[in-house]
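# Requesting a structural model of the entry that follows:
(one chain, ligands or ions: 1)
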Amino acid sequence: FILPRPRPFNSLLHAGGEGGEKEWSKALSESTTAAPGTGEADLFRSGLLSAPSDPSRQASSALLTWLENEGDVYLSDASSWSQAPHPMAVSTLTVDEATNESTGRGLLARRGINEGDQLLGIPLDLCMTKSTAFEYLNEGKNGNPLLKDSSGRGPISPATNEYIAIACFLIYEKYVRGPDSFWKPYLDVLPTTSEVGCTFTWDDSDLSYLTGSPVMSATTSMKIKLRKEYEAFVTHPVDGVKNRFKDVMGGEDVFTYEQWTWAFTMLFSRAIRLQNLQEGETVALVPYADLINHSPFSTSYVDARQEGSWLFKTGREEVVLFADRGFRKMEQVYISYGQKSNADLLLLYGFALERNPYNAVDVSVSVGGGEEGEGGGELLRKKVEFLERAGRGGIIDFPIYADRYPIEMLEYLRLMLLTEEDLGDRELEDFDYSRTVSSMNEASVLANIIGACEGQLARYPTTEEEDLAIISDKAKFRDISKNARMAVRHRRNEKRLLARTVAALRKEMDSRGLEGLQSRGELKSAEGDTEGVSLRGDDKKFMNKKRTRLERQLDKMGLDVDIR
Ligand SMILES: C[S@@+](CC[C@H](N)C(=O)[O-])C[C@H]1O[C@@H](n2cnc3c(N)ncnc32)[C@H](O)[C@@H]1O
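Numbers count the residues shown, from 1 in each chain. A predicted model of the protein is given here:
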């Protein structure tokens, strides 16, 4: 039993609260001003909204109407009985303040927002999930035709990966159902592939600006992965949907690879993993919530909960968001997409940030110096076995941040650079690698990290200064594509981060009196003894390869992508 949602009305008799002076004056002021927040006209005057005739502004309005009509979502800027005015408004013209690049649509505070305020509540059945894909494609919900192949099965099966199910759903609704789709108002606000600009959709000319960056190999393997999934789900001669549903999906202009790439661009850049559902986790495209841009400084995350108050649960689930801090009127509201490096953001979201505390460049650390089986004495063998027992054999990627590197990396290197002399008559198990083993060992560790960073720096065809010169020539810089500008800024930031790490490590070696060991050549003999710690970005000949953070993240999405 759901009460009809009350419509706005202004009677002072229903001011709510305890009827005290404060309530009374609040009610008075709300009833005498046209709208307590910022109306669309105010936003337009401030340059935050385009003209009412602008098609992208009309598409935003159509989305809000759809949410109000189909989901009973309250998005009005007027207050109503028991309902505060909705606190946000859609802007079609947001920009990144540091770079002045367009960041597409975004949500703005239309009045002051307090920390803890609920910002939105979207019913789960207006979200695109594997379940809704099944309801619309397999069961013909809301007037959709029933899709059945020759053996009576629909396109989505329990075994279908969630991302692939939603990709199929998106393409079907946008390109097959088109104007008849229930989801049209939502599909109409989704950007194009090039507006988002994930690196796996860039052309070769734009990609060439990323030469030397670890994003390159991640991009290449993502392309390979998407192509493989396309061939398995769409064009496979027997099991592919083009063959199974020839009449609706078989045509040359639907379920194309371009549409597949667009669907995955939408998924990577705006799908949310809802964790708090009654039935566990699900991946979802959440209309309206997905208009909020990312800030690495935000601590707000979107998640699900049961609709209604703690007393009157409706049994339905909704997606909610609460403000992590106060927002001033007209300020842009941000959420966090997670603690992501610029490389991850560029690959999956098509942008990188000038200020990002989670920015990191991954360097690879491996056991064994050269070809498999080459070199390696007794001590190296023991180290490899020790690491394998600890589940850390083979190659490991460690993120280098601007101001820190993982303690785990130090521990790993201390072990790998341990000499016979350090060992004495003890076993490898007897050491506490979270502490300095010996001055010589510590100097080797720091020198190796410096070597890894310098090795990575040497892989870029341009220097940081050259990149800066390109960025500073404003007229020329504007003339290259947006992707190319992103790439140049990104590679410059990677170089800056690595150079800072090198400088900080040199300083640390100096302050700990370790620089002397290195310059006197004593380190060399220490390294010689270890027979093979190496740090490198792109060697393909590693044994027993470990997964990178991004690979693990993609694996969680059900996409087993090999990014090396
Ligand atoms: C979930 S959507 C947010 C809404 C989006 N701006 C739109 O127009 O639909 C994520 C996309 O927004 C853009 N975006 C989000 N945060 C950004 C930021 N801080 N800087 C630049 N672009 C951003 C990127 O294109 C990203 O792929």
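# Tell me who's in contact with the residue of the chain found nearest the ligand.
Using CB to the nearest ligand atom, the closest approach of the chain to the ligand is made by Gly104 at 2.6 Å. For glycine as for every other residue, the C-beta is placed from the backbone atoms N, C-alpha and C. Listed by CB atoms under 8 Å, 6 or more residues apart in numbering, the contact set of Gly104 reads 92, 94, 191, 195, 293.
# quick one: pLDDT of it?
Per-residue pLDDT puts Gly104 at 95.
# Kindly provide the distance from it to Gly451.
As defined by CB to CB, to the nearest Å, Gly104 lies at a distance of 41 Å from Gly451.
# same thing with Val384?
Val384 sits at a distance of 21 Å from Gly451 (criterion: CB to CB).
# Ser56 looks like it's in a strand, true?
No: assigned with DSSP: H, G, I helix; E, B strand; the rest coil, Ser56 falls outside any strand and is helix.
# now it, nearest residue through space, not along the chain?
Leaving aside its chain neighbours, Ser56 sits nearest to Thr92 (4.7 Å; criterion: CB to CB, 6 or more residues apart in numbering).
# Check whether that neighbour really touches Ser50, as I assumed.
Yes: with contacts counted by CB atoms under 8 Å, Thr92 reaches Ser50, the gap being 5.2 Å.
# Point out where this structure drops to low pLDDT.
1-39, 308-314, 366-376, 393-394, 517-550, 553, 556-564 (pLDDT under 70).
# domain ranges for it?
In terms of domains, the chain is parsed into 29-125+286-349, 128-268, 360-556 (source: automatic domain parsing).
# So what's the gap between the lengthiest helix in the chain and the chain middle?
Longest helix of the chain, by residue count under DSSP state H: helix 482-511. Distance of helix 482-511 from the chain centroid (CA atoms, centre = their mean, to the nearest Å) equals 22 Å.
# Which other helices and strands does it contact?
helix 204-207, helix 342-349, strand 360-367, strand 396-401, helix 439-457, helix 464-472, helix 515-519 (3 or more CB pairs under 8 Å, 6 or more residues apart in numbering; DSSP states H and E).
# Just the angle for it relative to helix 439-457, thanks.
Inter-element angle recorded for helix 482-511 and helix 439-457: 160 degrees (by axes from the mean of the first three to the mean of the last three CA atoms, to 10 degrees).
# Can you check what angle separates helix 482-511 from strand 396-401?
Helix 482-511 and strand 396-401 are oriented at 90 degrees to each other (the same axes, to 10 degrees).
# now the domains of the chain in TSV, with distance to Gln275?
TSV is the format used below for the domains of the chain (distance: least, CB to CB, whole Å):
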stretch	distance to Gln275
domain 29-125+286-349	6
domain 128-268	13
domain 360-556	12
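# Of those, which is nearest Leu274?
domain 29-125+286-349 (4.4 Å; CB to CB).
# So what's the gap between the closest one and the chain middle?
Counting by CA atoms, centre = their mean, domain 29-125+286-349 is centred 19 Å from the centre of its parent chain.
# quick revisit: take the helices and strands packed on helix 482-511 and write them to CSV, including distance to Asp324 and mean neighbour count.
What follows is these, written out as CSV (distance: least, CB to CB, whole Å; neighbours: other CB atoms under 10 Å):
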stretch, distance to Asp324, mean neighbour count
helix 204-207, 35, 14
helix 342-349, 20, 24
strand 360-367, 23, 23
strand 396-401, 22, 20
helix 439-457, 34, 22
helix 464-472, 32, 15
helix 515-519, 44, 15
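# Pipe these into TSV and attach distance to the ligand per row.
Shown next, in TSV, are the helices and strands packed on helix 482-511 (distance: least, CB to the nearest ligand atom, whole Å):
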stretch	distance to the ligand
helix 204-207	15
helix 342-349	4
strand 360-367	17
strand 396-401	19
helix 439-457	25
helix 464-472	17
helix 515-519	40
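# could you say what helices and strands the helix or strand where Tyr412 lies packs with?
According to DSSP states H and E, Tyr412 maps onto helix 407-416. In terms of contacts (3+ CB pairs under 8 Å, 6+ apart), helix 407-416 is packed against strand 360-367, helix 378-389, strand 396-401, helix 439-457.
# Can you work out which residues contact both of Thr92 and Ser50?
Joint contacts of Thr92 and Ser50 (CB under 8 Å, 6+ apart) are 56-57.
# What segments of the stretch 101-250 of the chain are strands?
Along the stretch 101-250 of the chain, counting by DSSP state E, counting those that start in this stretch, strands occupy 106-109, 118-123.
# so of these, which one's packed in deepest?
strand 106-109 (a mean of 22; mean count of other CB atoms under 10 Å).
# Okay, now the sheet partners of it, with direction.
The pairing partners recorded for strand 106-109 under DSSP bridges are strand 88-91 (antiparallel), strand 332-335 (antiparallel).
# mind saving the C-alpha coords of the last one as PDB?
Taking only C-alpha atoms (Å, rounded to 0.1, in the frame of the first residue of the first chain), the coordinates of strand 332-335 have been written out as PDB:
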ATOM      1  CA  GLN A 332      28.700  21.500  -8.000                       C
ATOM      2  CA  VAL A 333      27.900  18.300  -6.100                       C
ATOM      3  CA  TYR A 334      30.500  15.500  -6.400                       C
ATOM      4  CA  ILE A 335      30.700  11.900  -5.400                       C
END
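# Near the ligand, which residues of the chain are found?
By the rule CB under 6 Å from any ligand atom, the part of the chain lying against the ligand is 96, 103-106, 191, 196, 269-270, 290-294, 349-351.
# quick revisit: how about the longest helix of the chain: buried residues?
482-495, 497-498, 501-502, 504-506, 509 (16 or more other CB atoms under 10 Å).
# same check, this time on stretch 47-64
For stretch 47-64, burial by neighbour count (16+ other CB under 10 Å) applies to 48-50, 57, 59-60, 63-64.
# picking up where we left off before, drop anything exposed from the contacts of Gly104.
Buried members of the contacts of Gly104, counted by 16+ other CB under 10 Å: 92, 94, 191, 293.
# now, which of those sits nearest Tyr230?
Of all those, Tyr230 sits closest to Pro191, with 20.8 Å by CB to CB.
# Buried members of the residues of the chain next to the ligand into ChimeraX, please.
Burial among the residues of the chain next to the ligand is assessed by 16+ other CB under 10 Å; the matching ChimeraX selection reads:
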select :103,104,105,106,191,196,269,270,290,291,292,293,294,349,350,351
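# Just the residues of the chain next to the ligand: which are in helices?
Reading helices off these with DSSP H, I get 196, 269-270, 349.
# and which of those residues is nearest to Pro155?
Arg270 (22.0 Å).
# Let me see the contact set for that closest one.
Listed by CB under 8 Å, 6+ apart, the contact set of Arg270 reads 285, 290.
# one more time with 6 Å
Residues near Arg270 by CB atoms under 6 Å, 6 or more residues apart in numbering: Asp290.
# repeat for Arg492
Going by CB under 6 Å, 6+ apart, the list of residues near Arg492 reads 464, 467.
# Please spell out which residues along stretch 225-241 are buried.
The neighbour-count check on stretch 225-241 (16+ other CB under 10 Å) flags 225-226, 229-230, 233-235, 240-241 as buried.
# would you list those residues in TSV and tack on distance to Ile471?
Output for those, formatted as TSV (distance: CB to CB, whole Å):
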residue	distance to Ile471
Lys225	32
Leu226	31
Glu229	36
Tyr230	36
Phe233	41
Val234	40
Thr235	42
Gly240	45
Val241	45
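# biggest strand in the protein by residues?
When the chain is parsed with DSSP state E, its longest strand is strand 313-322.
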